[in-house]
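Participant: how would this look folded up:
(one chain, ligands or ions: 1)
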Amino acid sequence: MAVELKKEGDFAVLTLNRPEALNALSFSILRDIGRALDEVAVMKDIRALLVTGAGDKAFCAGADIKELRGRALVDQKRGAELGQSVFARLHSLPVASVALVNGYAFGGGSELALACTFRLASPSAIFGLPEIKLGLIPGYGGTQRLPRLIGEGRALEIIMTGRNVKADEAELIGLVNAIAEGDLMEVGREFAGKFTRYSLPVLECARRAVQRAGDVTLDEGLRIEADLSTLAFRTADAEEGMAAFEEKRKAEFKDG
Ligand code: DAK
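Facilitator: The predicted structure is shown next:
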């Protein structure tokens, strides 16, 4: 299977498993990722999704270049829309996702990582949007998500030069949340464990509010925040959290 989905404890783990082609994204793999995400969306008892690539060389070397050539423009447009819709599904899953970038993350591979809620990188990870070198531009969300994450100037420079961004620079510019020393999967679990112990519906409110910040005016964003923060107030977990504070004990959230 070129895409594997497993449940490991509190986490769903999605692995791109095509190491012989550095986990390049064929259209068939994109569809498999989409199907796996549909499963994740309804999985019981998971608190986050971890996304990684098989092998020690690459997270994902991008779109399958060999498959892109010689296609009609209408098929290219559909291909871009397929990749965009799969990554949009990832972005708006009910649970947060963490990309564990264990090597090259080029083109669509960087875009896959960008669609996750968080990104952790191994010290040898290398990011890049090298589409310009192929006479292309990013087609799976990179032109929109990268500037929202690191700002327009830096995003344009990375996209227009197609240059590599090593892990330490990626951390410096906020492209990754942290560089992981040691076992990436283990660090990923620890990282996710810092938020997954809180109330899932309340975490989702926080994520939805922050995700809209880049899309709407400040006024509109504040209205969204007022609605979502009021929604959080209505949960039993909010009642429990505030009661636990007053009673000087640890809150026991029940995801409700
Ligand atoms: N596609 C297909 N095969 C790939 C691949 C890729 N992106 N990347 C690597 N491979 C394959 C290689 O061809 C090779 O296969 P064999 O020749 O052994 O059969 C195998 O993986 C191992 O790769 P290398 O031998 O090249 O390994 P190296 O360590 O020497 O080099 C590398 C690693 C990551 C530096 C190199 O493989 C590389 O530069 N790969 C390509 C990186 C890249 O340019 N990615 C694509 C970016 S463009 C769209 C619009 C835009 C896009 C998509 C859709 N629509 C409008 C639909 C753009 C998307 C992109 O992602």
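Participant: Point me to the residue of this structure nearest the ligand.
Facilitator: Of all residues in the chain, Gly107 sits closest to the ligand, at 2.1 Å by C-beta to the nearest ligand atom. To be clear about C-beta, it is placed using only N, CA and C from the backbone, and glycine gets the same treatment.
Participant: Let's see the pLDDT reported for the nearest residue to that residue once chain neighbours are set aside.
Facilitator: Of all residues not flanking Gly107 in the chain, Gly62 sits nearest, at 2.8 Å (C-beta to C-beta, 6 or more residues apart in numbering). Model confidence at Gly62, given as pLDDT, is 98.
Participant: from what I can see Val98 touches Val51, true?
Facilitator: Yes. Counting by C-beta atoms under 8 Å, Val98 does reach Val51; the two are 7.0 Å apart.
Participant: Report the set of residues contacting both of these two.
Facilitator: Common contact partners of Val98 and Val51 (C-beta atoms under 8 Å, 6 or more residues apart in numbering): Cys116.
Participant: which parts of the stretch 1-150 of the chain sit against the ligand?
Facilitator: Within the stretch 1-150 of the chain, the positions lying close to the ligand (C-beta under 6 Å from any ligand atom) are 21-22, 24, 61-66, 68, 76, 79-80, 104, 106-108, 130-131, 134, 136, 139.
Participant: Next, the contact list for the residue of the chain closest to the ligand, please.
Facilitator: Ala61, Gly62, Ala63, Gly128, Leu129, Pro130, Glu131, Pro138, Tyr140, Gly142 are the contacts of Gly107 under C-beta under 8 Å, 6+ apart.
Participant: Next one: it, what pLDDT does it get?
Facilitator: 98.
Participant: One more: the one 5 residues further on?
Facilitator: Looking at Leu112, its pLDDT reads 98.
Participant: So it lies in a strand, does it not?
Facilitator: No. The assignment for Leu112, made by DSSP: H, G, I helix; E, B strand; the rest coil, is helix rather than a strand.
Participant: returning to that earlier point: switch the contacts of Gly107 over to TSV; also include distance to Gly9, secondary structure and neighbour count.
Facilitator: TSV is the format used below for the contacts of Gly107 (distance: C-beta to C-beta, whole Å; DSSP: H, G, I helix; E, B strand; the rest coil; neighbours: other C-beta atoms under 10 Å):
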residue	distance to Gly9	secondary structure	neighbour count
Ala61	29	coil	25
Gly62	31	coil	27
Ala63	32	strand	28
Gly128	33	strand	23
Leu129	34	coil	30
Pro130	36	helix	19
Glu131	37	helix	22
Pro138	34	coil	26
Tyr140	30	coil	30
Gly142	32	helix	23
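Participant: For the stretch 1-150 of the chain, which segments count as strands?
Facilitator: For the stretch 1-150 of the chain, the strands defined by DSSP state E, counting those that start in this stretch occupy 3-8, 11-16, 48-53, 58-60, 97-101, 104-106, 118-121, 126-128.
Participant: just to revisit the earlier point, quick one, which of Val98 and Val51 is more surrounded?
Facilitator: Val51 (27 against 24; other C-beta atoms under 10 Å).
Participant: which residues does that one bridge with?
Facilitator: Leu14, Ala99 (DSSP bridges).
Participant: thought it was touching Ala96?
Facilitator: No. Val51 is beyond contact range of Ala96, at 11.1 Å (criterion: C-beta under 8 Å).
Participant: Now do the helices in this protein.
Facilitator: Secondary structure of the chain (DSSP state H): helices located at 27-42, 65-68, 73-91, 108-115, 142-150, 152-161, 167-172, 184-196, 200-212, 218-233, 236-246.
Participant: most tightly surrounded among those helices?
Facilitator: helix 108-115 (a mean of 28; mean count of other C-beta atoms under 10 Å).
Participant: residue contacts, the closest residue to Pro147 other than its chain neighbours?
Facilitator: Distance criterion C-beta to C-beta, 6+ apart; nearest residue to Pro147, sequence neighbours excluded, is Ala155 at 3.8 Å. Applying C-beta under 8 Å, 6+ apart, we find Ala155 in contact with Thr143, Leu146, Pro147, Leu149.
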